[in-house]
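A.B. asks: Sequence plus the predicted model coming up.
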Amino acid sequence: MKILCDEALPNSVEVFSPFGQVVLKNGRNINCDDLEDTDVLITRSITKVNEELLSKAKKLKFVGTATAGMDHFDTVLLDSMKIPYTNAKGNNCESVGDYVLSVLLNLSVRFSIPLAGKSIGIVGCGCVGSQVLNKALGLDMKPVVCDPPRFKGGDLSCGASLDEVLNCDVVTLHVPLIKDGEYKTHYMLCKEQLMKLKPNAILINAARGEVINNSDLLNVLKQRSDLKVFLDVFEGEPEIKEKELLNYVQGATAHIAGYSYESKRRANVMLANELKKVLNSDININYQMPSAEITRIVLSDSIKSYDTNLLYRLVNSIYNVTYDADLFKASFTDAASFDLLRKNYRERHELQTVTLEGVQDCFKEKLRLLGFNVA
């Protein structure tokens with residue numbers, strides 16, 4: 001069996017070799033000729049699984065993407081060809097949650113914005129949005145959650161309107177890209193919605209670039225210098241449709257919010273287990289996650305409160321988004337540089353890999369909500 005994997009996925013050989021021969025290739029260069037004799041395809045969002053790619057796929061038995069979203073899959077075509085497919089839903093939720101937490105703490109310290117008591121509008125409360133919700137509660141913020149599909153399904157905690165979210169002090173987006181239909185998210189935020197943001201509001205997009213009309217965002221930021229925007233995703237990436245945006249946002253990164261050391265490796269394990277089911281195989285997936293560099297932090301039991309400044313130092317000791325934003329600002333010039341930043345990304349570890357010791361009982365739940373293990 002031939003298994004073709006995006007070379008950016010770090011543990012592909014280790015995880016998939018029990019199934020057969022593993023071949024690695026740059027995801028943007030995978031083409032229809034590669035699939036002529038391929039049994040399994042493991043991709044990322046940069047590989048468009050469409051009619052052109054699948055035109056010679058005569059042996060393909062399974063397609064998996066190491067991402068939560070599947071907007072790069074032509075699922076109708078895959079269904080018609082009777083090719084099973086899946087994503088790695090939930091693999092990067094901790095990673096993106098840590099990213100948003102670091103953004104909030106860094107902007108809080110940079111602009112002297114107290115976070116406790118501030119409202120935070122969360123659009124999309126799936127695996128990632130739920131993590132962000134927990135972290136917001138750990139910061140003593142007031143969540144306002146908008147997720148129409150979940151609300152329609154009976155989750156009454158997700159029933160806020162988009163206008164209610166836009167009236168929050170912070171707005172953070174965690175939705176898949178849906179181009180049409182009842183739950184369309186393409187251009188969810190255009191000029192009309194962006195102008196409704198509160199004075200001095202923070203806007204974070206770590207979902208998909210096309211959820212925000214980037215041209216409208218640029219025009220609004222030219223009019224409203226009060227807004228603070230942090231972007232991990234852009235329209236047209238790896239090329240950026242509106243490069244001038246970078247002059248107006250408080251920070252930008254190369255679509256790496258979900259790029260923790262653990263999430264990339266976790267994704268392949270999830271996909272391998274799905275492949276095992278499809279093949280009705282008894283292969284044992286026995287992957288052991290390597291240990292982080294820092295596994296425990298001992299805190300003084302004399303700490304009286306975990307204020308923003310202390311949390312800023314604690315979280316940033318594991319992951320500081322400013323490093324990634326500064327690197328992006330210094331290195332991004334074009335599509336090739338965007339891809340290079342992703343390919344050579346210095347994978348950071350998740351907060352959950354660190355155990356905090358010495359924490360008083362009254363503070364333990366707060367730190368657990370932020371994502372740490374607490375002894």
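C.D. replies: Received, thanks.

A.B. asks: who's in contact with Glu7?
C.D. replies: Applying Cβ atoms under 8 Å, 6 or more residues apart in numbering to Glu7 gives the contacts Leu24, Lys25, Asn26, Gly27. Heads up, the C-betas are built off the backbone N, CA and C, glycines and all.

A.B. asks: Was I right to think the third one contacts Asp6?
C.D. replies: Yes - taking Cβ atoms under 8 Å as the contact criterion, Asn26 and Asp6 are neighbours in contact, 7.5 Å apart.

A.B. asks: what about the two, which has more around it?
C.D. replies: Remark: of Asn26 and Asp6, Asp6 carries more neighbours, 22 against 13, as counted by other Cβ atoms under 10 Å.

A.B. asks: how much space between that one and Gly97?
C.D. replies: When Cβ to Cβ, to the nearest Å is the yardstick, Asp6 and Gly97 sit 24 Å from each other.

A.B. asks: likewise Glu293?
C.D. replies: In this structure, Glu293 lies at 20 Å from Gly97, with Cβ to Cβ as the measure.

A.B. asks: what are the phi and psi values for the closest residue to Leu78 other than its chain neighbours?
C.D. replies: Across the structure, with Cβ to Cβ, 6 or more residues apart in numbering as the measure, the residue nearest Leu78 apart from its sequence neighbours is Tyr85 (5.0 Å). Its backbone dihedrals place Tyr85 at phi -150, psi 160, with angles given as degrees, to the nearest 10.

A.B. asks: Same check on Thr355?
C.D. replies: In this entry, Thr355 is assigned phi and psi values of phi -100, psi 130 (degrees, to the nearest 10).

A.B. asks: swap in Val63?
C.D. replies: When quoted as degrees, to the nearest 10, the phi and psi of Val63 stand at phi -130, psi 130.

A.B. asks: What pLDDT is listed against the residue nearest to Leu78?
C.D. replies: Tyr85 carries a pLDDT value of 95.

A.B. asks: Contacts only, for it.
C.D. replies: Taking Cβ under 8 Å, 6+ apart as the definition of contact, the neighbours of Tyr85 are Val49, Phe62, Val63, Gly64, Thr65, Met70, Phe73, Thr75, Leu78.

A.B. asks: who's the second one bridged to?
C.D. replies: On DSSP bridges, the residues paired with Phe62 through beta bridges are Val40.

A.B. asks: ok, it - how many residues close by?
C.D. replies: The local packing of Phe62 (other Cβ under 10 Å) involves 21 other residues.

A.B. asks: The last one too?
C.D. replies: When neighbours are counted by other Cβ under 10 Å, Leu78 registers 19.

A.B. asks: How about the third one?
C.D. replies: Burial of Val63 is recorded as 29 neighbouring residues (other Cβ under 10 Å).

A.B. asks: Give the full set of residues in contact with it.
C.D. replies: In this structure, Val63 makes contact with Val40, Leu41, Ile42, Thr43, Val49, Phe73, Leu78, Ile83, Pro84, Tyr85, Thr86, judged by Cβ under 8 Å, 6+ apart.

A.B. asks: And for the last one?
C.D. replies: For Leu78, the residues meeting the contact criterion (Cβ under 8 Å, 6+ apart) are Val49, Leu54, Val63, Tyr85.
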